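J.: Just a sequence and a predicted model for now, questions to come.
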Number of protein chains: 2
Amino acid sequence: MNKLINSILVVVICLSCAFAKAQQDSIQLKKIYDTALTQGNSYQWLDYLSNQIGSRLSGSLGAELAVEWTKSQLDSIGLDKVWLQPVMVPKWIRGAKEYAYIETELGETTQVPICALGGSIATPPTGLKAAVIEVQGINQLKALNPEEVKGKIIFYNRPIQDDLIETFKAYGGCVDQRYSGAEEAAKLGAAGVIVRSVTHSIDDYPHTGSMSYGDLPREKHIPAAAISTKGADLLSTLLKLNPDTKFYYSMYCRSLPDVESFNVIGELTGTTYPDKYMVVGGHLDSWDLGDGSHDDGAGVVQSMEVLRLMKSIGYRPKHSIRVVLFMNEENGLRGGRKYAAEAKVKNEQHVFALESDAGGFTPRGFSFDSDDRNFNQVLSWKKLFEPYLIHYFVQGGSGADIGPLKEPNSGIVLAGLRPDSQRYFDHHHAANDTFDAVNKRELELGAATLTSLIYLMDNYIQKPGVQLTMPIKN
Amino acid sequence: MNKLINSILVVVICLSCAFAKAQQDSIQLKKIYDTALTQGNSYQWLDYLSNQIGSRLSGSLGAELAVEWTKSQLDSIGLDKVWLQPVMVPKWIRGAKEYAYIETELGETTQVPICALGGSIATPPTGLKAAVIEVQGINQLKALNPEEVKGKIIFYNRPIQDDLIETFKAYGGCVDQRYSGAEEAAKLGAAGVIVRSVTHSIDDYPHTGSMSYGDLPREKHIPAAAISTKGADLLSTLLKLNPDTKFYYSMYCRSLPDVESFNVIGELTGTTYPDKYMVVGGHLDSWDLGDGSHDDGAGVVQSMEVLRLMKSIGYRPKHSIRVVLFMNEENGLRGGRKYAAEAKVKNEQHVFALESDAGGFTPRGFSFDSDDRNFNQVLSWKKLFEPYLIHYFVQGGSGADIGPLKEPNSGIVLAGLRPDSQRYFDHHHAANDTFDAVNKRELELGAATLTSLIYLMDNYIQKPGVQLTMPIKN
């Protein structure tokens, strides 16, 4: 009988502890969100990064200034360590503004907005003019007779799929023609490629982005440009009216030798597990057309804000928490690779990494690249997040920069913030990715959401090899 | 034994039916969302309403044009009936643009952005200049010595609460000083009131909105204006530096006699329950400063789109579904009251009403004013809505215009669409509530979400007095 009473007592005590812990977590999350919304600093940081520094393409002056300035800001918030991690990055420059027009068979021309894709070679200095073949993607190109392709401009015009609710999936279904379209067309002897901008919006902004020639020898490279969706629609219409319609474009971009740049890193050293690391980050580089406010200024300042908020509410983490501002996500991923490689050399055990690189819009939840045990743990936090309208918890991808941290058997949990994505591709890699498109509250809510997840992971993450049924207590 | 087998068979058949029905619903919802996103018309309609007609304050030319045009559009989509329901509405006009400045004790003046609150009287033609008392709300005003208030301008400066995640709650916690601030100040002998704009954004836009003098006699009315948040912060700072700081403003607004206007109504008559009605609506009137794209052009075109989508996917509703574009929500609610009163006179049984009046942003879910039975039914649809990132289902308020349909024991279910609300009050009742602030996909997703709920309600609503455990089958 005594044994039964004891057992009951143990259960009651366990339940009370769990309840008290949940309540404490709920109070902590409220403190995080309140502080982010009433005394946040992410929006002010983004204002500076976007409006005083501007675009930050790898190897550019903007990127250099952004490294210096974000380091100075991390220095100012009283972290335990702040440092720069050198990394060699590609340097591609756009040069003079691109120019393009469509020419009818009568010689009438209509100017259309284009931009070089990142990594493309230039056209000849006097430009390139050729007949155009429109295709809906690489497969359709491959079905063509190579004789027909030779010397032509290939116009990839497959639009983004509007009926996909998750816009990143729509992007993923379309971006192959931007990334590999030139390589494939060059193999068939095309003179150049023009790619429909990967966006839902029908407007005048061309959207750049990375492209690759694969293993093609230099002399086979052909110039690759993005055309605005309105430009693409016009070109397609004119080609239907007259297949002899020609396209002219001039671009002056080129690749220079690699230069040194840096990941910017700050750390709050853990009280209980100083040698176990959690990372929160975004990428410091951006494309050069806008000021990179959504991609990924937002992720940068939100990640910095995670550590500032922890300091501000007086939370000392158990694990060492690092903010990592990765260099060169857009056209090389050198920063992400460098960080992971150095962690491996130094044998630093990373248990969790979280990236914000999907825009500064209202946060909806997270995608986890995780074992089931930790993912189920996360699902048990749904109620904690509900008051902040965070409902989306799925297993899937995380973020490009933190991907290299995933080693076989490392057991690391990766996650990516998932903000509302409906407007994201309207701005992505285009001249309208600017500060005015970011809303203060939405950005701050994202920072609080990241901080809350890091806080919960810091307290409850289940490490590989340790089978726990109750939260870790420290 | 035979009986047992029979019972098992019945259960299996019931489960199969339920499963088949759920699958059919899932297919129907996909059809609705796909059509809204790829062949939608809500955005094109909003473009016309906002950019060709513009603002639509009750009794204005814009309101008249909006009535005519929306009726013509409903006529064009092949509904069973379309008609105008006459309603007398107040006519308040702003007159010449307002002007205001802060005057220091040295006579230096700084112009600040204000606008008259809807329903306010004008200042004297030469304006009103007086000393200012800043208060944080009506309670603080009431604690003042009436002698001190006499002849002064009362400056209500309580800001919206930034740490509330649901911004409509923050609005609700602040709007009393706008609505009743003048009445209360006038009772104490104040000469006028200036109210901090109810918005999260710190900027130069004054936000108008309705106000009331309650039962005060006309001669006691005092002019009431909203001041931009930046203007309010400046005024507050200058008052702290010198309590003798004065405020000047001139306004030329006035109320004219009521005029006739209309609710615009279209109907798809039900196949099974033609005399049982479901309403989906928004309000056609708007304030006069912007073009009312979010408030409530979005709700208008989304509601029209519900019926257009049903026609477009070939769905014939079982109940009669009405789109109702209500007139005069902003400063009188006459349209909502008229519709409900006429329904009562005609003994039309309304079983469900749904309003979209919270902006055209990404839909997150609904708030239901419903009995538990129907609300639990709604909760069983969560899985159906999940692919569309609709997660928010709560019991609470619905919409102002449909509120009057709620009669004791009517058993009507009311609901309001709940879009993402973080940016909403940045635009609400201000000159920047314009078409460019609405995103096409977000608007279309809202229309599809409304349509999906109407479709499900049409099939499964549980009517008062009829206790059902299984979906209604027709």
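T.: Noted; the coordinates are in hand. Numbers count the residues shown, from 1 in each chain, chains lettered A, B, ... in the order given.
J.: Show me how the record splits chain A into domains.
T.: A:26-92+A:257-460, A:95-252 (automatic domain parsing).
J.: OK, contacts around the closest residue to residue A:381 other than its chain neighbours?
T.: Closest residue in space to residue A:381, ignoring its immediate chain neighbours: residue A:456 at 5.7 Å, by C-beta to C-beta, 6 or more residues apart in numbering or on different chains. Every C-beta, even on glycine, is put in place using the N, C-alpha and C of the backbone. Neighbouring residues of residue A:456 by C-beta atoms under 8 Å, 6 or more residues apart in numbering or on different chains: A:25, A:381, A:384.
J.: Which helix runs longest in chain A?
T.: Using DSSP state H, we find that the single longest helix of chain A is helix A:2-39.
J.: helix/strand/coil for residue A:393?
T.: What DSSP: H, G, I helix; E, B strand; the rest coil gives for residue A:393 is strand.
J.: what does residue A:84 give?
T.: Going by three-state DSSP: residue A:84 is strand.
J.: was I right about it contacting residue A:263?
T.: Yes: with contact defined as C-beta atoms under 8 Å, residue A:84 counts as touching residue A:263 (7.2 Å).
J.: Which one of those two is surrounded by more residues?
T.: Between residue A:84 and residue A:263, residue A:263 has the larger neighbour count (other C-beta atoms under 10 Å in any protein chain shown), namely 25 against 16.
J.: So for the residue nearest to residue A:381, what's the pLDDT?
T.: pLDDT recorded at residue A:456 is 98.
J.: and residue A:232, how far is that from residue B:54?
T.: From residue A:232 across to residue B:54, the span is 32 Å (C-beta to C-beta, to the nearest Å).
J.: next one: residue A:207
T.: According to C-beta to C-beta, residue A:207 stands 32 Å off from residue B:54.
J.: Name all residues that make contact with whichever residue of the stretch 251-400 of chain A sits closest to chain B.
T.: The nearest approach of the stretch 251-400 of chain A to chain B comes at residue A:391, 3.7 Å away (C-beta to the nearest C-beta). Residues near residue A:391 by C-beta under 8 Å, 6+ apart: A:364, A:365, A:382, A:385, B:391, B:392.
J.: Would you list the phi and psi of it?
T.: phi -120, psi -10 (degrees, to the nearest 10).
J.: which residues of the stretch 1-150 of chain A fall in strands?
T.: A:81-93, A:99-103, A:109-111, A:114-116, A:128-135 (DSSP state E, counting those that start in this stretch).
J.: For residue A:220, which of those strands is the nearest?
T.: Among the strands of the stretch 1-150 of chain A, the nearest to residue A:220 by C-beta to C-beta is strand A:128-135 (15.1 Å).
J.: Listing partners with orientation, what would you give for the closest one?
T.: Here strand A:128-135 has these sheet partners by DSSP bridges: strand A:153-156 (parallel), strand A:246-250 (antiparallel).
J.: any idea which of those strands is most buried?
T.: Burial of the strands paired with strand A:128-135 is given as mean neighbour count (mean count of other C-beta atoms under 10 Å in any protein chain shown); strand A:153-156 ranks first at a mean of 26.
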